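In: fold the stuff below for me.
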Amino acid sequence: MDESLNRWLSDKGINYILHKHIAVFTVPEAKIHCGHIPGTHCKNLFLKNKKTDQFYLVTIPHEKRLDLKEFRKMVGVPKVMFARLDDLKSILGLSSGSVSPLGLINDIKNKTIFIVDEEVWGADEICCHPNINTETLQIPNSDFQKLIKATNNPIEVKKLPFLEE
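Out: You can find the predicted model right below:
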């Protein structure tokens with residue numbers, strides 16, 4: 001984990017357990033290499049309103065697939081798309097494969113609305129990358145909520161729409 005992130009978490013009093021593993025880029029890879037870690041594992045999507053510069057970081061349980069058509073209706077925008085890699089880097093300071101709620105600490109202009117599925121928000125423990133895909137943080141619920149609130153980004157907890165498998 002990056003030392004500045006470690007310091008930020010420490011300064012905010014965020015408790016966590018750090019787990020190291022090989023790089024994972026997909027949910028199937030994460031299930032193999034991180035599936036033993038207790039907690040609700042997250043999938044994170046960095047989306048953009050196609051017509052404006054409004055960004056959304058959407059966090060859902062890792063085994064679910066967000067229904068983008070229903071999601072855009074839910075948030076009241078005509079079209080959403082995956083944000084460009086340069087937006088991901090410039091706003092959240094992240095690269096593809098390491099998208100995480102912890103990227104919000106880099107969004108100093110608070111350009112991103114954090115939208116989290118209620119299942120993740122209410123989980124006993126949340127597992128997500130610390131902005132690098134070779135590690136996973138296992139974070140107790142109260143500390144995860146404290147972490148998200150400390151970023152000062154807008155937060156929306158929703159029952160998000162998923163595609164049927």
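
In: contacts, neighbours, all on C-alpha from now
Out: Will do.

In: which residues in this protein form helices?
Out: Using DSSP state H, the helices of the chain run over residues 3-11, 27-34, 68-75, 85-87, 118-121, 141-150.

In: show residues contacting the fifth one.
Out: Read it as helix 118-121. With contacts defined as CA atoms under 8 Å, 6 or more residues apart in numbering, helix 118-121 is touched by 40, 42, 59-61, 126, 141, 145, 157-160.

In: of all the helices of the chain, which one is nearest residue 96?
Out: helix 85-87 (6.9 Å; CA to CA).

In: so for the closest one, mean pLDDT?
Out: On average, the pLDDT along helix 85-87 is 97.

In: longest strand in the chain, by residue count?
Out: strand 40-49 (DSSP state E).

In: list the buried residues for stretch 101-115?
Out: 101-107, 110-115 (16 or more other CA atoms under 10 Å).

In: do stretch 66-75 as well
Out: 66, 68, 71-72.

In: only alpha carbons, please: show that stretch as CSV.
Out: Taking Å, rounded to 0.1, in the frame of the first residue of the first chain, the C-alpha atoms of stretch 66-75 are listed here in CSV:
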residue,chain,number,x,y,z
LEU,A,66,-25.0,-3.6,-12.6
ASP,A,67,-27.9,-2.9,-14.9
LEU,A,68,-26.6,0.3,-16.5
LYS,A,69,-30.0,1.1,-18.2
GLU,A,70,-31.9,0.9,-14.9
PHE,A,71,-29.0,2.7,-13.1
ARG,A,72,-29.1,5.7,-15.4
LYS,A,73,-32.9,6.0,-14.8
MET,A,74,-32.3,5.7,-11.1
VAL,A,75,-29.8,8.6,-11.0
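
In: could you list the low-pLDDT ranges of this structure?
Out: 165 (pLDDT under 70).

In: among the buried residues of stretch 101-115, which two are most distant?
Out: 106 and 115 (16.6 Å).

In: need the helices of the chain in JSON lines with distance to residue 52, can you?
Out: Putting the helices of the chain into JSON lines (distance: least, CA to CA, whole Å) gives the following:
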{"stretch": "helix 3-11", "distance to residue 52": "30"}
{"stretch": "helix 27-34", "distance to residue 52": "30"}
{"stretch": "helix 68-75", "distance to residue 52": "13"}
{"stretch": "helix 85-87", "distance to residue 52": "13"}
{"stretch": "helix 118-121", "distance to residue 52": "26"}
{"stretch": "helix 141-150", "distance to residue 52": "24"}
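
In: out of these, nearest to residue 53?
Out: Nearest of those to residue 53, taken as CA to CA: helix 85-87 at 9.9 Å.

In: run through who's touching the closest one.
Out: 95-96.
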